[in-house]
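**Q** Predicted model follows, preceded by the sequence.
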Amino acid sequence: MAAHYTSTPVATGSPTAPSGRQARSAALAPLHPADFGLSGDPAQDATSALQQMLDEAQASGRAAVLAHGTYRTTAPLVVHGALTLEGVGAEPYQGMPLDTMGSGSWLYFDHPGRGIVAPGPGPGAVGPALSGLVLRRFGTYRPQPVVIAGVPWAPGDFDWDLHLGSVDVLLDDLVLLNPTRGIRKGNGNYGRLQINNLRGQPLRNGIVIEDEYDVPVMNGIRWWPFWQDRAEVHEYTVRHRLGMLFYRCDGLQLTNYFGIRELASLAFGQNASGHGTMLRGTVTNVYSDLSKHGILVDGEVTHGITLQVANFVHFGEGAGTSSAAIRVRGNNCRLDFANADMSNESGAAALIEGSGNVVHFANARSHEGWNKDGTGAPFIFCGAGNTVRIDQEASVAHGGGAAHVGGGGRISYRMVRSGTAQIAAGEAAVTVRHGLAGTPRLDQIQVTPANAFGRKASWFVADATRDSFRIVVAGAAADAAPSFVWRASLE
């Protein structure tokens, strides 16, 4: 007979009486799936028991811990209060090929709906957000269609693995193994988002920020073929996947992003509700590999975005793919780039379309080329109504003879060439090969007489092209040979 079940009072200090410290420790002990009858066997439907565990954790303030195993759910898990849900880590794969899910803590969303939902106070709410949500060190998995060699493939129409509303949330060391749609963050009037070390192979959308007004902070996002390294899957993602899509987003701080075989690694749109676009975003260390676009601004953007990017690398898909590292189709954007490396592009490496856009490159380079289609597309195209400024001469190679810059917009390019030219006796003009990677305006060509014959002549500059210009003289003696010093620039 257990002493603590007796009705007889137990004296304070008795060895059978739990101390205050012991009682507090028991009250704060983490909750485990085993406490709710779960073993981590995916054959077991864990939905009801996991929801009960989450509800109790929120009510008691205790953490919820996912032990090793795969917990299969058949309906969304809903979070309404402060919660820490933590696993023991998730191993994306075991050996090769990459189609065997590794060990660790896994949530298997075996249904088409949302995986975890944390709605917060609801759309349009002005009260406090749900705060204190921490999701850490587990993985998510979806039952995607089987990949068959040589057969076109598409993912299942699964909803978001994580659907977050006006929530203060930390996502730390998560693996989204194969979601059709990864993470959606909306209604950010008061909620704040922080992400550290996120990995996976999203198939259509990685992260979508719908409304986030308070400086989302993200570090260490890696979209790699952890689930399937198959041509059929790659052909789908390079035509459809947006690694990150931003609508209204204030003060983004994004560092260390890698994405491979994407339609666009970082995409920017305009919120349909009229709440705006990206404002004062900063991005550092982006590598977009074998993707169509590294940065894409959608044509629906009229309010413009403001973004600073440092250390941007894009390696395109090569000929016949319409790949361009940067494509701005929207309007009134302000973009600043420091260290932009753009290679293997089918046409122009940067396409500045739309109107009212101002794009600044502190420096830009291409070690493995652009213009792979051979159409003569310039390295940087600036359309009419836009402005591009390049502070240093681009370090480029393998452009197939195409110009560094082009288009009908206003281009300021710090590229300077100079030399001397002499008009043969009896001739009225000389053609000068300037060596610039674009066509200078006539006011960007300065000519100074270099000998007495030149000083006697009247002269003017004409017919500037991408390759050359002409110095034309009048009034020189027929047997004179006037010479000139010239300087041409694209500044």
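**A** Happy to help now that I have it. Numbers count the residues shown, from 1 in each chain.
**Q** Excluding covalently adjacent residues, which one is nearest to residue 108?
**A** Nearest non-adjacent residue to residue 108, counting by C-beta to C-beta, 6 or more residues apart in numbering: residue 72, 4.3 Å away. In this view, the C-beta of every residue, glycine as well, is placed from N, C-alpha and C.
**Q** Wait, that neighbour touches residue 44, no?
**A** Yes. Contact between residue 72 and residue 44 holds when scored by C-beta atoms under 8 Å: they sit 6.7 Å apart.
**Q** more crowded one of those two?
**A** More crowded of residue 72 and residue 44, by other C-beta atoms under 10 Å: residue 72, with 23 against 16.
**Q** Just list the residues touching that one, thanks.
**A** Applying C-beta atoms under 8 Å, 6 or more residues apart in numbering, we find residue 72 in contact with 42-47, 108, 110.
**Q** Filter these down to the buried ones, ChimeraX style.
**A** Of the contacts of residue 72, the buried ones go into a single ChimeraX selection, burial set by 16 or more other C-beta atoms under 10 Å:
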select :42,44,46,47,108,110
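**Q** Show me the helices in the stretch 351-491 of the chain, by range?
**A** For the stretch 351-491 of the chain, helices defined by DSSP state H, counting those that start in this stretch occupy the ranges 452-456.
**Q** do the same with the chain
**A** Per DSSP state H, the chain carries helices over the ranges 20-28, 47-60, 231-240, 452-456.
**Q** Pick out the shakiest of these, pLDDT-wise.
**A** For these, mean pLDDT drops lowest on helix 20-28, to a mean of 57.
**Q** Residue 359 reaches residue 351, doesn't it?
**A** No. Using C-beta under 8 Å, residue 359 makes no contact with residue 351, being 10.4 Å away.
**Q** what do these two both touch?
**A** 326, 328.
**Q** which one of those two has more residues nearby?
**A** It is residue 351, of residue 359 and residue 351, that has more neighbours when counted by other C-beta under 10 Å, with 24 against 21.
**Q** Find me the pLDDT at the more buried one, would you?
**A** The model reports residue 351 with a pLDDT of 98.
**Q** Could you double-check that it sits in contact with residue 326?
**A** Yes. Contact criterion C-beta under 8 Å: residue 351 and residue 326 qualify, at 7.0 Å.
**Q** For the residue nearest to residue 419 when sequence neighbours are not counted, which residues are in contact?
**A** Among residues not flanking residue 419 along the chain, residue 486 sits closest, at 6.1 Å (C-beta to C-beta, 6+ apart). Contacts for residue 486 (C-beta under 8 Å, 6+ apart) come out as 418-421, 432, 434, 445-448, 471.
**Q** so which pair among the contacts of residue 72 is furthest apart in space?
**A** With C-beta to C-beta as the measure, no two of the contacts of residue 72 lie farther apart than 43 and 47, at 13.5 Å.
**Q** which one of the contacts of residue 72 sits closest to residue 281?
**A** Ranked by distance to residue 281 (C-beta to C-beta), the contacts of residue 72 are led by residue 108 at 34.7 Å.
**Q** mind checking how far the closest one is from residue 176?
**A** Per C-beta to C-beta, to the nearest Å, residue 108 is found 13 Å from residue 176.
**Q** With residue 249 instead?
**A** In terms of C-beta to C-beta, residue 249 sits 20 Å off from residue 176.
**Q** Could you check which of the two is surrounded by more residues?
**A** Taking other C-beta under 10 Å, residue 249 and residue 176 do not tie; residue 249 has more neighbours (31 against 28).
**Q** From one end of stretch 256-269 to the other, what's the distance?
**A** Terminal residues of stretch 256-269 lie 22 Å apart, using C-alpha to C-alpha, to the nearest Å.
**Q** Ok, stretch 142-153 next?
**A** So stretch 142-153: terminal residues 15 Å apart, C-alpha to C-alpha.
**Q** quick one: buried residues of it?
**A** Under 16+ other C-beta under 10 Å, the buried positions of stretch 142-153 are 142, 144, 153.
**Q** Hmm, the second one is touching residue 156, no?
**A** Yes. Applying C-beta under 8 Å as the test, residue 144 and residue 156 come out as touching, 5.7 Å apart.
**Q** Now for those two: what residues contact both?
**A** residue 180.
**Q** what about the closest residue to residue 226 other than its chain neighbours, neighbour count?
**A** Leaving aside its sequence neighbours, residue 226 sits nearest to residue 92 (C-beta to C-beta, 6+ apart; 3.9 Å). Burial of residue 92 is recorded as 21 neighbouring residues (other C-beta under 10 Å).
**Q** Please report the distance of residue 92 from residue 100.
**A** For residue 92 relative to residue 100 (C-beta to C-beta), the value is 10 Å.
**Q** same deal with residue 375?
**A** As for residue 375, its distance to residue 100 is 44 Å (criterion: C-beta to C-beta).
**Q** again with residue 211
**A** From residue 211 to residue 100 the distance is 38 Å (C-beta to C-beta).
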